[in-house]
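A.B. asks: predicted model, plus sequence, below.
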Amino acid sequence: MSLRRKATVLAVAAALLAAPAAAFATESTPSRYLTQRLDWKPCFDQANPPPGLPPGGTALECAGYTAPTNWRRPREGKDITVAITRLRATGLRQGVLFTNPGGPGEAGRSFPLNFLAAGQQAVLASHDVYGIDVRGTGGSSQVSCRPTAPSPLPDWRDRSPANLAKFLAVNDAIARDCQNSELGKHVNTEQTAHDLDLLRHLLGEHKINYYGVSGGAWLGPFYATYFPHRVGRFVLDSVPDVTATWQQLLNDQARAMERRFRTDFLPWLARHHDRYGWGRTAAETGATYETVRARLAAKPVEVQGRLLGGADLDMVIVGAQGQQDYFPGAAANLALLKRLSEGGPAAESAPGQDILTPDPDSQTGTALSIVCNDTPYRGGRAGTIAESERLGRRYPLMGWQKIVQQCMSWQRPEFRLPEVTGRGLPPMLLVNSVRDPQTPIEGAQRAQRVLPKGSPMLVVADEGDHWMYLRGNACVDARVSAYLTTGALPANGSTCAGEPMPDPAAKPRPPFPAIS
């Protein structure tokens, strides 16, 4: 290639990567980013695949590429690495499917394995399916955030001035400790969207198809707003309200979590009183929760070398509401805590999922960076106290916890995400359950109103799970896969029936093997 021809190609490539004028004016992208080659290698030992890998999982390939720390100043600062995976199309290839598991900030390289585990052969035949560890997490350049949870957790229902001051001090300390790197200032939705578009360019693709869950369903519409000409078939599963701030989104979870707890979890727990001993009606199980919580708040118990109090009990319950597959493990842990609160003997080990499993360091740091960098926090210290008081009185399971607000003290960089309007974009498919505790359907409906005209919502009735596609609901799987492979959208308001509540003996599906 002649030097003139090469220069022309690079200039065109840089223009294709530039954001729309309405977003921000970017400097030209240095050629070293645009001319990278992706060096694909098997993610797993082909001769000795790890246990838990679904059939076909050894086909997963790993690679990485570099991007600027700051896309607004791509010629300044250090390069970062973005780690990716790929399952190559097994049939007649239609295009690429980027995936994001949400969090925000959850590592995504293993996510394509879900298509194998769910048997979505049509999608796998027609698409190269990509998993991505977004900037800040997993195998990509990481941000570090190591908030140390006190033992036991302070009780957010204790509204004494001294206890409130303790929470506000913890907010300050976590925000300070998590903002410990230059990269952290640039871990946000805007920068990640540009990382994704660089990957699109490196793959030589004109458009991408996309499947995002939760935080991934937040990222998708913003990528589309920055790069409207790159949008193919987009699926948004468990949809955040993209017209709101992260502060509003997270506070709104208190209401949705209470609904899920009261409507689904407590009645299920009552149906299995003989196994868990929490009461034979939803009212009785709710009363038992308050009784056990009060005992633990007054006298914490030791489990796995750590003291657990009333707030820890809240966290055990909250952590299980997103997927009903987690109900049995959480209920077993509740039975253990109830017995310990009554002075009974401890089990040799916790019978459910590990009560104390922490979030990986980089995922915590990435989540906080995205949430606190993306949108401003309003209210300050007094407003935080008042809002947590209001939410706690109405939605006690999670409302009091809203005193924990690291973004209150975050030194947020000066930038503004563009408004999502949907103008000039093809329709997207939305999927949401009616009692999702993390992305409530009311917020998904508000998002639908600003997304592209004609974007339908597939509603999962009598269901409260968060993340619906690839989770065993045959109706959801069929309709989403049909859209990804053929472009056929269901009618707006189409419904799928929810899945039956779990058997108490059921266990959550184990995680896929780690990718080194």
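C.D. replies: Looks like it arrived, so ask away. Computed from a prediction, not measured in an experiment: that's the story for all the values here.

A.B. asks: all strands of the protein, in order?
C.D. replies: Ranges of strands in the chain, per DSSP state E, are 41-42, 61-68, 79-87, 95-100, 127-133, 208-213, 231-237, 301-303, 306-308, 429-433, 457-461, 495-497.

A.B. asks: closest to residue 467 out of these?
C.D. replies: strand 208-213 (4.9 Å; Cβ to Cβ). C-betas here are computed from N, CA, C, even on glycine.

A.B. asks: can you tell me how far the residue nearest to residue 116 when sequence neighbours are not counted is from residue 239?
C.D. replies: What sits nearest to residue 116 in space, not counting adjacent residues and going by Cβ to Cβ, 6 or more residues apart in numbering, is residue 54, at 4.3 Å. Taking Cβ to Cβ, to the nearest Å as the measure, residue 54 falls 27 Å from residue 239.

A.B. asks: who has more neighbours out of the two?
C.D. replies: Taking other Cβ atoms under 10 Å, residue 54 and residue 239 do not tie; residue 239 has more neighbours (29 against 15).

A.B. asks: residue 95 - nearest residue in space that isn't next to it in sequence?
C.D. replies: Leaving aside its sequence neighbours, residue 95 sits nearest to residue 209 (Cβ to Cβ, 6+ apart; 5.7 Å).

A.B. asks: next, count neighbours for residue 279.
C.D. replies: Around residue 279 there are 18 residues (other Cβ under 10 Å).

A.B. asks: confidence score at it?
C.D. replies: Listed pLDDT for residue 279 reads 97.

A.B. asks: phi, psi of it?
C.D. replies: With angles defined as degrees, to the nearest 10, residue 279 sits at phi 130, psi 160.

A.B. asks: contact partners for it?
C.D. replies: 269, 270, 273, 285, 286, 287, 288 (Cβ atoms under 8 Å, 6 or more residues apart in numbering).

A.B. asks: what does residue 137 give?
C.D. replies: 103, 105, 106, 107, 143, 360, 362, 363, 365, 366.

A.B. asks: what's the answer for residue 116, then?
C.D. replies: 54, 55, 56, 57, 87, 124.

A.B. asks: let's see it at 10 Å
C.D. replies: By Cβ atoms under 10 Å, 6 or more residues apart in numbering, the residues touching residue 116 are 53, 54, 55, 56, 57, 59, 60, 87, 124, 129, 470, 512.

A.B. asks: and the residue nearest to residue 116, what does it touch?
C.D. replies: Taking Cβ under 10 Å, 6+ apart as the criterion, residue 54 is in contact with 60, 113, 114, 115, 116, 117, 118, 119, 512.

A.B. asks: switch the cut-off to 7 Å
C.D. replies: Counting by Cβ atoms under 7 Å, 6 or more residues apart in numbering, residue 54 makes contact with 113, 116, 117.

A.B. asks: again, but for residue 335
C.D. replies: By Cβ under 7 Å, 6+ apart, residue 335 lies in contact with 276, 277.

A.B. asks: per-residue confidence for it?
C.D. replies: pLDDT, residue 335: 96.

A.B. asks: same question, residue 27
C.D. replies: Here the pLDDT value assigned to residue 27 is 60.

A.B. asks: kindly report the same for residue 41.
C.D. replies: At residue 41, pLDDT is 97.

A.B. asks: so it sits against residue 64, correct?
C.D. replies: No: the pair residue 41 / residue 64 is not scored as a contact, 10.1 Å apart, by Cβ atoms under 7 Å.

A.B. asks: which of those two has more neighbours?
C.D. replies: residue 64 (16 against 7).

A.B. asks: burial count for residue 203?
C.D. replies: Count around residue 203 with other Cβ under 10 Å applied: 16.

A.B. asks: avg pLDDT for stretch 52-66?
C.D. replies: 97.

A.B. asks: buried sites along that stretch?
C.D. replies: For stretch 52-66, burial by neighbour count (16 or more other Cβ atoms under 10 Å) applies to 53, 57, 58, 59, 60, 61, 62, 63, 64, 65.

A.B. asks: how about the contacts made by residue 412?
C.D. replies: Neighbour list for residue 412: 372, 373, 376 [criterion: Cβ under 7 Å, 6+ apart].

A.B. asks: PyMOL command to pick out the buried ones of these?
C.D. replies: The following PyMOL line selects those of those that are buried, judged by 16+ other Cβ under 10 Å:
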select buried, resi 372+373
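
A.B. asks: leaving out chain neighbours, which residue sits closest to residue 386?
C.D. replies: Nearest residue to residue 386, sequence neighbours excluded (Cβ to Cβ, 6+ apart): residue 379, at 7.7 Å.

A.B. asks: what's across from the residue nearest to residue 95 in the sheet?
C.D. replies: residue 97 (DSSP bridges).

A.B. asks: that one is in contact with residue 484, isn't it?
C.D. replies: Yes: under the criterion of Cβ under 7 Å, residue 209 makes contact with residue 484 at 6.3 Å.

A.B. asks: restricted to helices, list the contacts of residue 54.
C.D. replies: Within the contacts of residue 54, residues falling in helices by DSSP state H are 113, 116, 117.

A.B. asks: distance check, the closest residue to the last one other than its chain neighbours against residue 502.
C.D. replies: To tie it back to what came earlier, the one meant is residue 117. Excluding the flanking residues, the one nearest residue 117 by Cβ to Cβ, 6+ apart is residue 54, at 4.3 Å. Relative to residue 502, residue 54 is positioned 21 Å away (Cβ to Cβ).

A.B. asks: where in this protein is pLDDT low?
C.D. replies: The chain contains residues with pLDDT under 70 at 1-27, 147-148, 346-360.

A.B. asks: could you rerun that using 80?
C.D. replies: The model of the chain has pLDDT under 80 over residues 1-27, 146-150, 345-360, 506-508.

A.B. asks: report the contact partners of the spatially most central residue of the chain.
C.D. replies: In the chain, the centroid-proximal residue (Cα atoms, centre = their mean) is residue 103; its distance is 2.1 Å. Counting by Cβ under 7 Å, 6+ apart, residue 103 touches 215, 363, 367.

A.B. asks: roughly how far does it sit from residue 217?
C.D. replies: As defined by Cβ to Cβ, residue 103 lies at a distance of 11 Å from residue 217.

A.B. asks: same question, residue 414
C.D. replies: Taking Cβ to Cβ, one finds residue 414 at 26 Å from residue 217.

A.B. asks: and the two? Which one has more around it.
C.D. replies: For residue 414 versus residue 217, the count of surrounding residues by other Cβ under 10 Å is larger for residue 217: 29 against 4.

A.B. asks: what about stretch 138-158, start to end distance?
C.D. replies: 36 Å (Cα to Cα, to the nearest Å).

A.B. asks: quick one: distance of it to the chain centre.
C.D. replies: 17 Å (Cα atoms, centre = their mean, to the nearest Å).

A.B. asks: do a quick rundown of the helices in the stretch 51-200 of the chain.
C.D. replies: For the stretch 51-200 of the chain, the helices defined by DSSP state H, counting those that start in this stretch occupy 113-117, 121-126, 161-178, 189-202.

A.B. asks: nearest to residue 343, of the ones you listed?
C.D. replies: The closest of the helices of the stretch 51-200 of the chain to residue 343 is helix 161-178. By Cβ to Cβ, the value is 26.2 Å.

A.B. asks: can I get that closest one as PDB, trimmed to CA atoms?
C.D. replies: Below are the C-alpha coordinates for helix 161-178, written out as PDB (Å, rounded to 0.1, in the frame of the first residue of the first chain):
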ATOM      1  CA  PRO A 161     -26.400  11.100  65.100                       C
ATOM      2  CA  ALA A 162     -23.300   9.100  66.000                       C
ATOM      3  CA  ASN A 163     -24.300   6.200  63.700                       C
ATOM      4  CA  LEU A 164     -25.400   8.500  60.800                       C
ATOM      5  CA  ALA A 165     -22.000  10.200  61.100                       C
ATOM      6  CA  LYS A 166     -20.300   6.900  60.900                       C
ATOM      7  CA  PHE A 167     -22.000   6.100  57.600                       C
ATOM      8  CA  LEU A 168     -21.200   9.400  56.200                       C
ATOM      9  CA  ALA A 169     -17.600   9.000  57.100                       C
ATOM     10  CA  VAL A 170     -17.600   5.500  55.500                       C
ATOM     11  CA  ASN A 171     -19.000   7.100  52.300                       C
ATOM     12  CA  ASP A 172     -16.200   9.600  52.300                       C
ATOM     13  CA  ALA A 173     -13.500   7.000  52.900                       C
ATOM     14  CA  ILE A 174     -14.700   4.600  50.200                       C
ATOM     15  CA  ALA A 175     -14.900   7.500  47.700                       C
ATOM     16  CA  ARG A 176     -11.400   8.600  48.600                       C
ATOM     17  CA  ASP A 177      -9.900   5.100  48.500                       C
ATOM     18  CA  CYS A 178     -11.600   4.200  45.100                       C
END
